[in-house]
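Enquirer: need a structure here:
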Amino acid sequence: MTHSLRPTTRRQWLAGVSAAGLASLTGAAQAQDRFPSKPIQLVLPFPAGGSFDPVFRSLAEAASRELGQPVVLMHQPGAGGVAGTANLARLSEGDGYTIAVMHNSVIRAPLVQRVSWDPLKDFTYLGSLFGMVTGVCVARDAPWATLADLMADAKARPGAISWGNVGAISINRITAERLARGAGTAFNMVSFKGGAEAFQALIGRHLDVYGDPGFGSQVQGGRVRLLAVFMDQRLKNYPDVPTVKELGYPFSIDSPVGLVAPKRLPPELQQRLHEAFRKAATDPAYLKQLDLFDMVPQVTSPQEYADYARAQFGRDQKMLAEIGFKLD
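Expert: As a prediction, the model looks like this:
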């Protein structure tokens, strides 16, 4: 035997369901309004002591003030700065409490090694922050006063001059290989875990050339000499240092750095984090660190950064095909 609800009971039941649904939505909205309610972990995929360390430490302090919760730096180095960020790609969804530094080596990773994640699908992009500047540096007492001196010596002694970089799959390593090939020579490529280790080797004359970003404090301190930069224009801090293009080599490097969260991060949390870090990126202490390491402010929206990643993946795919690179 079946029983139907009486009219008054049905109305009461529907009203109860509506109230419960409204309470649920209100609770969810309040929970989102309270974000963040605990510290946020910012994964830095490089060792402590490099140029990224003081830059992101100052940014994290500024972002903490914007968010009302600590932003805690977590160093997770490995695989040329790819491993720490890649760990987020393996999470099923984001809650806003774990984010990571994104750079082009992570975007490029599936093109040069076998990975189980997709940089275009497995992250929520929060926006870019700054652009890195790649320079060609030697020790202050090295025998090369100019890039022309260095390349002439490299041509006379193929494979004898060591060229350091952070990460075997970095664009800086790939571009240095192309530079050598275009000049009809080769360098002995040496990968380091981070910039601090590489500069120590360079200054101690255990390494001949270092070709990565983060050279500013070393050059300004007189410990190393900057021969050229992989830029379209000269740097304002070093107006006498030429670009590689000026010297007849058609290479420049575009290397924005930004932030990502795991995939499926709710849009309102994505926007909350973006706005907080966008405001933090105007902090004078952070901007001073960028200037010290010759990094250039380059703040974009989440959509602009995601669009850049997709376009950069295509550019790298084309570039690797042109140099004959094949994935083993």
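Enquirer: find me the pLDDT at Asp53, would you?
Expert: As predicted, Asp53 sits at a pLDDT of 93.
Enquirer: my guess is it meets Leu44, correct?
Expert: Yes - with contact defined as C-beta atoms under 8 Å, Asp53 reaches Leu44; the gap is 7.3 Å. Using the backbone N, CA and C atoms, a C-beta is placed for each residue, glycine as well.
Enquirer: ok, the two, which is more surrounded?
Expert: Ranked by neighbour count (other C-beta atoms under 10 Å), Asp53 and Leu44 place Leu44 first, with 23 against 20.
Enquirer: ok, and the closest non-adjacent residue to the residue nearest in space to the middle of the chain?
Expert: For the chain, His103 is the residue whose C-alpha lies nearest the centre (C-alpha atoms, centre = their mean; 2.6 Å). Once flanking residues are discounted, His103 sits nearest to Val257: 5.0 Å by C-beta to C-beta, 6 or more residues apart in numbering.
Enquirer: contact partners for the one you found?
Expert: Applying C-beta atoms under 8 Å, 6 or more residues apart in numbering to Val257 gives the contacts Val101, Met102, His103, Ser128, Leu129, Phe130, Gly131, Met132, Met295.
Enquirer: among those residues, which are located in strands?
Expert: Counting by DSSP state E, those place Val101, Met102, Ser128, Leu129, Phe130, Gly131, Met132 in strands.
Enquirer: dump those residues into a markdown table; add neighbour count, distance to Pro110 and pLDDT as well.
Expert: Shown next, in a markdown table, are those (neighbours: other C-beta atoms under 10 Å; distance: C-beta to C-beta, whole Å; pLDDT from 0 to 100):
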| residue | neighbour count | distance to Pro110 | pLDDT |
| --- | --- | --- | --- |
| Val101 | 24 | 18 | 98 |
| Met102 | 26 | 14 | 98 |
| Ser128 | 23 | 20 | 98 |
| Leu129 | 26 | 23 | 98 |
| Phe130 | 22 | 24 | 97 |
| Gly131 | 17 | 23 | 94 |
| Met132 | 25 | 21 | 92 |
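Enquirer: show me where the stretch 101-250 of the chain has helices.
Expert: All helices of the stretch 101-250 of the chain, identified by DSSP state H, counting those that start in this stretch, fall at 104-112, 147-156, 171-182, 195-203, 216-220.
Enquirer: which among those is found nearest to Tyr238?
Expert: Tyr238 lies closest, by C-beta to C-beta, to one member of these: helix 216-220, at 7.4 Å.
Enquirer: remind me what that closest one packs against, helices and strands.
Expert: In terms of contacts (3 or more C-beta pairs under 8 Å, 6 or more residues apart in numbering; DSSP states H and E), helix 216-220 is packed against strand 135-139, strand 224-229, helix 284-292.
Enquirer: which residues sit against it?
Expert: Contact with helix 216-220 is made by 51, 135, 137, 199, 203, 224-226, 237-238, 291-295, as judged by C-beta under 8 Å, 6+ apart.
Enquirer: looking at the helices of the stretch 101-250 of the chain, which is buried most?
Expert: Mean neighbours per residue, mean count of other C-beta atoms under 10 Å, is largest over those for helix 104-112, with a mean of 23.
Enquirer: by how many degrees do that one and helix 171-182 diverge?
Expert: Relative orientation of helix 104-112 and helix 171-182, computed by axes from the mean of the first three to the mean of the last three C-alpha atoms, to 10 degrees: 60 degrees.
Enquirer: in this structure, where is pLDDT below threshold?
Expert: Counting by pLDDT under 70, the chain contains low-confidence ranges at 1-33, 328.
Enquirer: let me see the domain layout of this structure.
Expert: Domains of the chain are assigned by automatic domain parsing as 40-131+255-322, 135-229.
Enquirer: quick one: closest of the ones you listed to Lys245.
Expert: Of all the domains of the chain, it is domain 135-229 that lies closest to Lys245, at 9.2 Å by C-beta to C-beta.
Enquirer: residues in contact with Ala198?
Expert: Neighbour list for Ala198: Gly164, Asn165, Val166, Phe192, Leu207, Tyr210, Asp212 [criterion: C-beta under 8 Å, 6+ apart].
Enquirer: noted, bye for now.
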